[in-house]
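> Give me a 3D structure for the following:
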Amino acid sequence: MTLDTGGMALVLVYMLSLLAIGFWARRARQESSLKDYYLAGGSLGSVGLFFTLYATQYSGNSFFALPGKAYRDGMLAGAFIFGVMGIVLVYQLYAPRMKTLADEQRFISVGDFISWRYRSDALLLAVNLVLALTLVTFILGNLKAIGLLLVSVSGGLLTFAPAVLLVCLIMAIYEALGGLRGVVWTDTVQGLMLMGGSLLVFLFLQATSQGADIAEPNRLLEAGIGFFAQPLAASQFVSLVLLIALGAAMYPQAIQRIYAARDVRTLQRSYRLMFFMPLVTTLPLFLIGMSAAQWFPGLDRAGSEQVVIRAIDTLLYDQPGLGWLMALYIGAAIAAIMSTIDSALLTLGSIISKDIIMKRRPTLDDAGLHRFSRRLTWVLMALMAVLAITLPQTIWALLVLKLELVIQVFPAIVFGLRSSRLQAAPVLAGLLAGCTTAALLRISPDWGGFWGVQDGLWAFAVNLIVLISLQSRMSRRA
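Numbers count the residues shown, from 1 in each chain. Okay, the predicted model is just below:
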């Protein structure tokens, strides 16, 4: 998996180019305010919004975990494709209304909506804790992933700690300089690399592969028919699609993109494009993973997550002139990971700046909050780097929990937008019940997995039952 000198040079040039983008984004700053720093002034057009949504949605999991899951579990991994497409459909339930409100009420953070809608400090705290945990696991998990990736591709030239520190330094510079504008501009570059990396690797492998699923659609059709003929497998598939669609649509960094859009029409145009992106990103990687089960049988979990790299290595053995393909794929994976980290970090900073600091220091002006936010970026990045280097690998277990937790915020946001009668107490009770259930099912796996339904959906069902019961009781009393 080690890149040659030319490949490493291309990766380093790409990473350093992000610094230049950060400087340009700073020069394009319109004002020193939280809105400009965290929302790019609320003026993102269709192209910028599309690329930042695209680059943020696909993390390193798309390039390693998804092919690995397709290798191990076959058709079940296809749920990720439909789940990601479903995210866009969930956005349509609330994004247009949220954008209108965000403009009217000048929302910066997700907490701004919670405060405006429910007037409840307790609910605001609970929602922010869930969102902060989601963001921290995003950042730490992806920092570990990119650190290990850079160690591997450099052939040991970089060790884990310096690799993590290098990436954190680069991201802290362009994010502190440009805020969301810098993140969006770098996401455009990263999004193009994501698209090109996944598509080109698939096309080259498809052109040179015979007798495998990647080149024979009829075999995929037969595998799909056999899979869905099993009720338990079908239940697992559908529930995973729902968990991804409902949970990932609640990611706070995605909600902030709604605030940052120029207008509702811009949102709609970007979402229409986003709906089809799994067909050029996750689908090719899924097909490679499915076919790799025939190419490289018997791999363990760690080995299965490297199947795309193994496939490229095999291709390079016969066609050494395609060395650039490995550099492109590694660069795309690094781009996916970095775009996830920088977006999560910026949103975490907005929670602290807007929902904590601004509430405690209401006299602080926009320029002062802007300076604080830029410094906070450095502090948070340094803290995340230290935690990523020092925490054990068990932090990966938190990544499985994040979707199961963040889906519990769905009623507070979507139901809160669509029903004026919904009150804070039932929402808070449901949120706490759902999160507690998700944690218990994760801690005690023997309790979960009923009928093949994802544990996060059972926890979500508990959330809804508690919310509806308490809301009905309060309505009758009123």
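
> other SSEs contacting the host helix or strand of F80?
For F80, the element it lies in under DSSP states H and E is helix 79-105. For helix 79-105, the packing partners by 3 or more C-beta pairs under 8 Å, 6 or more residues apart in numbering; DSSP states H and E come out as helix 110-118, helix 231-248, helix 252-260, helix 264-276, helix 282-295, helix 416-418. Where you see a C-beta, it was placed from the backbone N, CA and C, and this is true even at glycine.

> Toward the C-terminus, what is the element adjacent to the last one?
The helix or strand immediately downstream of helix 416-418 is helix 424-443, counting by DSSP H and E.

> So which bits of that next one are buried?
By neighbour count on 16 or more other C-beta atoms under 10 Å, the buried set for helix 424-443 is 424, 426-435, 437-438, 441-442.

> Same question for stretch 255-272.
255-262, 264, 266-271.

> any idea which of these is the one closest to I81?
Closest to I81 out of the buried residues of stretch 255-272 is Y271 (16.9 Å), distances taken as C-beta to C-beta.

> By mean pLDDT, flag the weakest helix or strand of this structure.
The helix or strand of the chain with the poorest confidence is helix 396-406; it has a mean of 70 (mean pLDDT, DSSP states H and E).

> about what we covered before: how far off helix 282-295 does the helix holding F80 point, in degrees?
160 degrees (axes from the mean of the first three to the mean of the last three C-alpha atoms, to 10 degrees).

> Find the centremost residue of the chain, please.
Geometric centre of the chain, nearest residue: Q57, 4.5 Å, by C-alpha atoms, centre = their mean.

> re the thing from before, between the helices and strands packed on helix 79-105, which one is nearest to G178?
Evaluated over the helices and strands packed on helix 79-105, closeness to G178 peaks at helix 252-260, with 13.2 Å, by C-beta to C-beta.

> which helices and strands sit right next to the closest one?
helix 34-39, helix 46-57, helix 79-105, helix 110-118, helix 121-153, helix 160-208, helix 323-352.

> ok, residues contacting that helix?
Residues from elsewhere that reach helix 252-260 (C-beta atoms under 8 Å, 6 or more residues apart in numbering): 38-40, 42-44, 49, 52-53, 56-57, 91, 95, 98-99, 102, 107-110, 131, 134-135, 180, 184, 248, 267, 343-344, 346-347, 350-351, 413.

> residues touching the residue lying closest to V183 once chain neighbours are set aside, list them.
Nearest residue to V183, sequence neighbours excluded (C-beta to C-beta, 6 or more residues apart in numbering): D342, at 5.0 Å. Contacts here follow C-beta under 8 Å, 6+ apart; on that basis D342 touches 171, 174-175, 183, 186.

> Show me the shaky parts of the protein.
1-4, 6-7, 30-32, 208-217, 364, 366, 392-400, 445-449, 478 (pLDDT under 70).

> Determine the set of other helices and strands touching the particular helix or strand that has V466 in it.
For V466, the element it lies in under DSSP H and E is helix 455-477. Contacts defined by 3+ C-beta pairs under 8 Å, 6+ apart place helix 455-477 against helix 231-248, helix 396-406, helix 424-443.

> Save those helices as JSON lines, and put in distance to R360 too.
Below are the helices and strands packed on helix 455-477 laid out as JSON lines (distance: least, C-beta to C-beta, whole Å):
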{"stretch": "helix 231-248", "distance to R360": "31"}
{"stretch": "helix 396-406", "distance to R360": "26"}
{"stretch": "helix 424-443", "distance to R360": "21"}
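
> Which among those is found nearest to A25?
Closest among these, using C-beta to C-beta: helix 231-248, at 26.4 Å.

> If we go by neighbour counts, what in the closest one is buried?
233, 236-248.

> Among the helices and strands packed on helix 252-260, which comes closest to M358?
Here helix 34-39 is closest among these (C-beta to C-beta), at 7.9 Å.

> What is the closest one packed up against?
helix 160-208, helix 252-260, helix 323-352, helix 366-390.

> How far off centre is the longest one?
Using C-alpha atoms, centre = their mean, to the nearest Å, the mean C-alpha position of helix 160-208 is found 13 Å from that of the whole chain.

> Stretch 361-370 too?
30 Å.

> tell me which residues of stretch 276-294 are tucked away?
277-278, 281-293.

> before we move on, what about stretch 189-205?
189-191, 193-202, 204-205.

> I'd say Q471 and L428 touch.
No. Between Q471 and L428 there is no contact under C-beta atoms under 8 Å: 11.3 Å.

> and the angle from the helix holding V466 to helix 424-443?
Using the same axes, to 10 degrees: helix 455-477 against helix 424-443 is 160 degrees.

> what angle do helix 455-477 and helix 231-248 make?
60 degrees.

> thought I413 was touching A249?
No. In this structure I413 lies outside contact range of A249 using C-beta under 8 Å: 9.1 Å.

> re earlier: so which of the helices and strands packed on helix 455-477 is nearest N61?
helix 396-406 (8.0 Å).

> ok, then the element right after the closest one?
Sequence-wise, the next helix or strand downstream of helix 396-406 (DSSP H and E) is helix 410.

> How far off centre is that following helix?
That offset, for helix 410, works out to 16 Å (C-alpha atoms, centre = their mean).

> Would you mind measuring from the residue lying closest to L39 once chain neighbours are set aside to Y271?
Using C-beta to C-beta, 6+ apart and skipping the chain neighbours, the partner closest in space to L39 is A260 (4.2 Å). According to C-beta to C-beta, to the nearest Å, A260 and Y271 sit 14 Å apart.

> dump the residue contacts of L387.
L387 touches L140, counting by C-beta under 8 Å, 6+ apart.

> From V164, how far out is it?
For L387, the distance to V164 - C-beta to C-beta - is 10 Å.

> Show me what counts as buried in stretch 146-166.
Buried positions in stretch 146-166, judged by neighbour count with 16+ other C-beta under 10 Å: 146-154, 158, 163-166.

> and it, how far out from the chain's middle?
22 Å.

> So what would you say the end-to-end distance of that stretch is?
Length of stretch 146-166, first residue to last, C-alpha to C-alpha, to the nearest Å: 11 Å.

> what's the answer for stretch 413-420, then?
12 Å.

> what does stretch 464-478 rub up against?
Contacts of stretch 464-478 (C-beta under 8 Å, 6+ apart): 411, 415, 421-423, 425-427, 429-430, 433-434.

> wait, which of those residues is closest to Y329?
Here the nearest of the contacts of stretch 464-478 to Y329, counting by C-beta to C-beta, is G434; it sits at 38.2 Å.
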